[in-house]
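A.B. asks: Sequence and computational prediction follow.
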Amino acid sequence: MAATEATHDVLVLGAGPTGENVADRAHAAGLSVAIMESELVGGECSYWACMPSKALLRPVTARSEARRVPGLADAAAGPLDAPAVLGHRDAFASYWKDDGQVRWLETAGIELVRGHARLAGPRQVAVGDRVLRARHAVAVCTGSRPVLPGIPGLADARPWTSRDATSAKTVPGRLVVVGGGVVGVEMATAWRALGASVTLLVRGDGLLPRMEPFAGHLVAESLAEAGVFLRTGVEVTEVRREAPDGPVTVVLESTASGAPEGATGSGDEIVADELLIATGRAPRTDDLGLETVGLAPGSWLRVDDSCLVTDVPGGWLYGVGDVNHRALLTHQGKYQARIAGAAIAARARNVPILDHGPWGAHAATADTAAVPQVVFSDPEAASVGLTAAAAERAGHRVRVIDQDIGAVAGAALYTDGYRGRARMVVDLDREVLLGVTFVGPGVGELLHSATVAVVGEIPIERLWHAVPAYPTISEVWLRLLESYRG
Ligand SMILES: Cc1cc2nc3c(=O)[nH]c(=O)nc-3n(C[C@H](O)[C@H](O)[C@H](O)COP(=O)(O)OP(=O)(O)OC[C@H]3O[C@@H](n4cnc5c(N)ncnc54)[C@H](O)[C@@H]3O)c2cc1C
Ligand SMILES: NC(=O)c1ccc[n+]([C@@H]2O[C@H](COP(=O)([O-])OP(=O)(O)OC[C@H]3O[C@@H](n4cnc5c(N)ncnc54)[C@H](O)[C@@H]3O)[C@@H](O)[C@H]2O)c1
């Protein structure tokens, strides 16, 4: 059968949050756009990542806070209603149906092409028996997938990935989680609160290694209090699941210092019902036709600040979102999409000089200079910009100011015995903030104040006039600034 052909101004591969926003920005600029999707419009974030995971975690943190509010503690003392929480999660994952997002594409005037898309040479994409051509740009927004390390026996042991951990229909009796990054911590938090006996295995010496060390310490302390069995400094060397529906045995390099609640087996082996591997991400570029444009299949796409792929000549191929490995977060993918969409539109109109300096309209800057992230653990950990160690490594002359958030009146009112800590990293040469970290209940909503301060490079002397309302947790800002100014 002959291939059907069509030409659009812009072709977008992958309709996750990033692809949707590239398509939207390009279309809003008057360009014709087709977007291709092999699974569900909305991508990982909507169905197997941000939305379902946060729907699982919100009841956990709400209960935990309520337990520390006088008058509510008894009412919140019982277990979570797991079927209700899982049902709430299902609703937030739109029951794994994308009708709503498809309707949005239709309303926006963006053509949806369902199927697996592959590049078929410069400015050309094949989907099934269709060949689509792009007048101006092709944007690859195909995201990332979980990495499964090459541990003997793992592939045959039916491990959970982040997709299973966010969509499981029942609570496992015993869950082993490998990886102390964001997915490992969030999912250990959720499934423990839902009733599973959870063992968290970490290769390094702590959790959340990309944040300030106190974030990992406070979260680890709280996970241990919740009954999570945390083992640091261990490596999984083998995994066995002898019967398809039987338990899984995880073999470790070191000796256990105790056994997790409800687990059978100890020492070098842990037996569990499910095993979640949360050890990072790989780009979804292995079956994308990258070789037809001179790139290596399976590689992250190297891009400039307008998200143009640097290794392909001609100025037509963009890599936006997770796939370029700059910042694997939905809000940063969408930010890059707004920048790339503007750059695509400007180049299509032959605008001679793009605004490509840092913080310019056509230069993604915040996704390297000021990335905000909230880990929705209990307590939450929220950070933007550089940690103290990263700032020093980058050659800045810094001063670090730490503050116990529990000492602030608003925090004391928020929950009894509020435990939390804040840090700001000050650039001593310019007297602006390079990074801010908050750990504690409810701090996720505090983060944007720090993001504005870091991105805006607001001088400390002006921040002094940004008066936090009394009595809110935001008063921690005042304490941080008082400590700095003396
Ligand atoms: C468990 C978990 C929780 C997370 N929680 C958060 C959070 O709270 N906040 C946050 O900011 N980030 C979070 N993230 C990260 C976030 O999910 C990603 O950064 C985000 O989804 C990236 O968006 P994207 O559009 O670049 O890629 P994706 O969301 O992965 O979308 C890519 C799309 O491309 C499609 N596709 C792939 N290949 C092809 C092809 N060849 N042809 C056609 N279509 C294709 C895919 O089916 C998919 O729909 C989380 C991640 C995980 C794993
Ligand atoms: N709330 C949020 O913003 C949120 C939530 C979940 C995920 N995400 C994003 O999704 C991405 C993926 O998260 P993730 O937790 O899978 O990756 P990650 O890179 O954050 O953490 C993976 C961890 O696994 C460890 N690891 C790697 N190989 C290992 C092995 N063989 N054995 C034991 N440990 C090993 C790494 O040292 C690392 O600490 C991250 O970039 C994250 O930002 C964001």
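C.D. replies: Good, I have the coordinates. Ligands and ions are numbered 1, 2, ... in the order given.
A.B. asks: Leaving out chain neighbours, which residue sits closest to the closest residue to ligand 2 within the stretch 151-300 of the chain?
C.D. replies: Nearest to ligand 2, among the residues of the stretch 151-300 of the chain, is Gly181, at 1.9 Å (Cβ to the nearest ligand atom). To be clear about C-beta, it is placed using only N, CA and C from the backbone, and glycine gets the same treatment. Using Cβ to Cβ, 6 or more residues apart in numbering and skipping residues adjacent in sequence, the residue nearest Gly181 is Ala278, 6.4 Å away.
A.B. asks: Around the one you found, how many other residues sit close by?
C.D. replies: Residues lying near Ala278 (other Cβ atoms under 10 Å) number 25.
A.B. asks: pretty sure it contacts Ala165?
C.D. replies: Yes - Ala278 is within contact range of Ala165, at 7.4 Å (criterion: Cβ atoms under 8 Å).
A.B. asks: what sits in contact with each of these two?
C.D. replies: Taking Cβ atoms under 8 Å, 6 or more residues apart in numbering as the contact rule, Ala278 and Ala165 both touch Val183, Met187.
A.B. asks: Packing partners of the helix or strand in which Gly435 is found?
C.D. replies: In this assignment (DSSP states H and E), Gly435 forms part of strand 432-440. Counting contacts by 3 or more Cβ pairs under 8 Å, 6 or more residues apart in numbering; DSSP states H and E, strand 432-440 packs against helix 213-225, strand 380-385, helix 388-393, strand 421-427, helix 447-455, helix 460-463.
A.B. asks: how about stretch 354-368 against ligand 1, any contact?
C.D. replies: No - using Cβ under 6 Å from any ligand atom, stretch 354-368 never reaches ligand 1; the gap is at least 11.0 Å.
A.B. asks: hmm, who's touching that stretch?
C.D. replies: So stretch 354-368 is contacted by 305-307, 326-327, 332, 335-336, 339-340, 342-343, 346-347, 369, 455 (Cβ under 8 Å, 6+ apart).
A.B. asks: And the residues you listed, which two are furthest apart?
C.D. replies: Longest distance between any two of these is 25.5 Å, between Arg347 and Val455; criterion Cβ to Cβ.
A.B. asks: how far does the strand holding Gly435 sit from the chain's center?
C.D. replies: Relative to its chain's centre, strand 432-440 lies at 18 Å (Cα atoms, centre = their mean, to the nearest Å).
A.B. asks: Stretch 289-307 too?
C.D. replies: Per Cα atoms, centre = their mean, the centroid offset for stretch 289-307 relative to its chain is 22 Å.
A.B. asks: For that stretch, give the mean pLDDT please.
C.D. replies: For stretch 289-307, the mean pLDDT works out to 98.
A.B. asks: just stretch 65-77 next, same as before
C.D. replies: 96.
A.B. asks: List every C-alpha atom in it, with coordinates, as CSV.
C.D. replies: Taking Å, rounded to 0.1, in the frame of the first residue of the first chain, the C-alpha atoms of stretch 65-77 are listed here in CSV:
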residue,chain,number,x,y,z
GLU,A,65,-0.2,16.5,59.6
ALA,A,66,-3.6,15.9,61.1
ARG,A,67,-2.1,13.5,63.6
ARG,A,68,0.0,16.4,64.9
VAL,A,69,-2.9,18.9,65.2
PRO,A,70,-4.6,19.0,68.6
GLY,A,71,-8.3,18.0,68.4
LEU,A,72,-7.7,16.0,65.2
ALA,A,73,-5.0,13.6,66.3
ASP,A,74,-7.5,10.9,67.5
ALA,A,75,-9.7,11.2,64.4
ALA,A,76,-6.6,10.6,62.2
ALA,A,77,-5.1,7.9,64.2
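A.B. asks: what comes into contact with it?
C.D. replies: So stretch 65-77 is in contact with Arg63, Tyr414, Thr415, Asp416, Gly417, Tyr418, Pro441, Gly442, going by Cβ under 8 Å, 6+ apart.
A.B. asks: Just the buried residues of it, please?
C.D. replies: Glu65, Ala66, Arg68 (16 or more other Cβ atoms under 10 Å).
A.B. asks: Helix, strand, or coil at the residue lying closest to Asp9 once chain neighbours are set aside?
C.D. replies: Closest residue to Asp9 apart from its sequence neighbours, by Cβ to Cβ, 6+ apart: Leu31 at 3.8 Å. Secondary structure state of Leu31, per DSSP: H, G, I helix; E, B strand; the rest coil, is coil.
A.B. asks: Tell me how far Leu31 lies from Arg130.
C.D. replies: For Leu31, the distance to Arg130 equals 19 Å [Cβ to Cβ, to the nearest Å].
A.B. asks: Which one of these two is surrounded by more residues?
C.D. replies: Leu31 (21 against 16).
A.B. asks: May I ask you to confirm that that one is in contact with Ala348?
C.D. replies: Yes - counting by Cβ under 8 Å, Leu31 does reach Ala348; the two are 6.0 Å apart.
A.B. asks: Spit out the residues that contact these two alike.
C.D. replies: Asp9, His136.
A.B. asks: Around ligand 2, pick out the residues from the stretch 51-200 of the chain.
C.D. replies: Pro149, Val178, Gly179, Gly180, Gly181, Val182, Val183, Gly184, Glu186.
A.B. asks: And those residues, which is closest to Arg58?
C.D. replies: Of these, the one sitting nearest to Arg58 (Cβ to Cβ) turns out to be Glu186, at 11.5 Å.
A.B. asks: Tell me which residue in the stretch 1-150 of the chain sits closest to ligand 2.
C.D. replies: For the stretch 1-150 of the chain, Cβ to the nearest ligand atom, closest residue to ligand 2: Pro149, 3.7 Å.
A.B. asks: contacting residues for that residue?
C.D. replies: Pro149 touches Val236, Ile277, Thr279, counting by Cβ under 8 Å, 6+ apart.
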